[in-house]
Structure formats: structure tokens, C-alpha cells
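*Asks:* sharing a model prediction with you, sequence too.
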Amino acid sequence: MELNRMGSTAGQVITCKAAVAWAPKQPFVIEDIQVAPPLASEVRIKITHTSVCHTDVSVWQIKELVHVFPRIFGHEAAGIVESLGESVTDLQAGDHVIPIFQGECGHCSCCRSSKTNLCEEFVVNPAEGLMMTDRKTRFSIRGQPIFHFMGTSTFSEFTVVHHAQVVKVDPSAPLHSICLLGCGVATGVGAVLKTAKVEAESSVAIFGLGAVGLAVSEADKSGWNNYLEFRISLQV
Ligand SMILES: [Zn+2]
Ligand SMILES: [Zn+2]
């Protein structure tokens, strides 16, 4: 990758590696792709770590979504801001971030409510493959567009995300661990604290101990929430 005179790739098209899914159920192929610069409200991120969530697998298998292939999946990751559009004021190049598929506009009734963060503007839709900003893609390969996934598309060395779908994190947090906060950990902890509202002294059964189940078992630890203590019985 060539650097411009500022020692940065800002404003340039970046060529990098990505795992491209060419068709439903077809194996991913590591390809050299082009990633366009972010528009005014967008952020381009160097993805340092990403993991595979079962939602990636489930949507990859849906043949009815053939119209959004080729596609770059991935929605559970961490990375570093490479460049950003001129209207993004809460981030800067070099920030450590987590892309999130559930964006928050910050001003709709759901974003202002304490009961939900299911934003009315950033609606999660696995069938959507375009950036909401201009209904186009930022990825291409040999001139052909590659569709996005969940607005995050983290199975790429670089991705472009709307700034409402980016969370800045403490740079001392290890990126290889916090990438799991983007989906699995948030899902498990949220199930305990937000959905089930598990109370102290409750007995809880966890079905399955993958990333989500383990996050459920961790939800009472001081780092997540100090007030909650409950007894867990494992049932497998
Ligand atoms: Zn997920
Ligand atoms: Zn909103």
C-alpha cells in the first residue's frame, strides 16, 4: 500500500485482502480488493481482529439473498481508525474502535429511550448490502462492487462504516479480546441484564457454552455490573 505525502492513506483507495463470499454457501476466497475512502459521515477502519458469529454463517447460507453477493461478511471485530469523513467530529485517526451492527442515530425516540437502543434510522437488516449514505458500496474487485453486511463487513483488512456504528474504546484494552464485545459478549450480558433481568439469588440454566453462553456466565462479574449476583447451574 502506498502512503501519500502526509504519511497516510487518507483520501486514497486502499488495496487490501478480504475474505469474499462469491455466492451463498460457497467457500470464502481471500482476494485483493479495493476499499474507497469514507464519505463525510463515515469512518474507514483498519480491522486488526475479527471473529465469526453464527449470524455470519446463517445469512451466508440463505440462497434467497443471492442478489447481495459477492459480499464481505463479519460484524464482530476491533480495529483502528485509518481515516474519516469531514463531518465526523467524535473520532480521529488512530482511535481504537469497535464497529457495531446496531447503529444509534442518537436522536430518534428509541435512541432517547432508556428501554431500547433499536434505532429507528439504523435498522439491522441482513438483506441490506449497501451503505445507507448513498446506496452504494465502498468495496470493489476488478471494478465489480462487493456488497456490505450489517454495515460492518469486518472480514476485510479495511472496512468503511457509518460513524453511528462505531464505538471508541480505551486504547489500553487488548484488541484481540475486545473484538468479542461487538456481538457475542453484548448478546450474552444483555440477555442477563436487559432481557431476562436476572435477579440476585436466581438459579439460571445456560444452554450452550459458546461465546454467548460464556458471556452469560460472566454477566455477574464486577466489570459488567456490580450489583448483580446470581447462582448459575449449568445444563448441557
Ligand atoms: Zn453476531
Ligand atoms: Zn436512533
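*Replies:* Yep, it's here. Just so you know, these numbers come straight off a predicted model, no measurement behind them. Numbering: from 1, shown residues only. Ligands and ions are numbered 1, 2, ... in the order given.

*Asks:* against ligand 2, how distant is the spatially most distant residue from the centre of the chain?
*Replies:* Largest separation from the mean C-alpha position in the chain: Glu201, at 33.7 Å (CA atoms, centre = their mean). To ligand 2, Glu201 is 36 Å away according to CB to the ion, to the nearest Å. Placement of C-beta: from N, CA and C, glycine included.

*Asks:* does that residue count as helix, strand or coil?
*Replies:* Using DSSP: H, G, I helix; E, B strand; the rest coil, the structure places Glu201 in coil.

*Asks:* do the same with the one 4 residues further on
*Replies:* The three-state label for Ala205, taken from three-state DSSP, comes out as strand.

*Asks:* about what we covered before: relative to Thr195, how far out is the residue farthest from the centre of the chain?
*Replies:* Glu201 sits 19 Å away from Thr195, going by CB to CB, to the nearest Å.

*Asks:* do Gln12 as well
*Replies:* 43 Å.

*Asks:* counting neighbours, go ahead and name the busier of the two.
*Replies:* Gln12 (16 against 9; other CB atoms under 10 Å).

*Asks:* gap between that one and Phe158?
*Replies:* When Gln12 is compared with Phe158 (using CB to CB), they lie 11 Å apart.

*Asks:* got the contact list for Gly85?
*Replies:* Going by CB atoms under 8 Å, 6 or more residues apart in numbering, Gly85 touches 38-43, 163.

*Asks:* redo those residues as a markdown table? Include pLDDT and distance to Lys63.
*Replies:* Listed next are those as a markdown table, based on pLDDT from 0 to 100; distance: CB to CB, whole Å:
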| residue | pLDDT | distance to Lys63 |
| --- | --- | --- |
| Pro38 | 97 | 32 |
| Leu39 | 98 | 32 |
| Ala40 | 97 | 36 |
| Ser41 | 97 | 33 |
| Glu42 | 98 | 30 |
| Val43 | 97 | 32 |
| His163 | 97 | 33 |
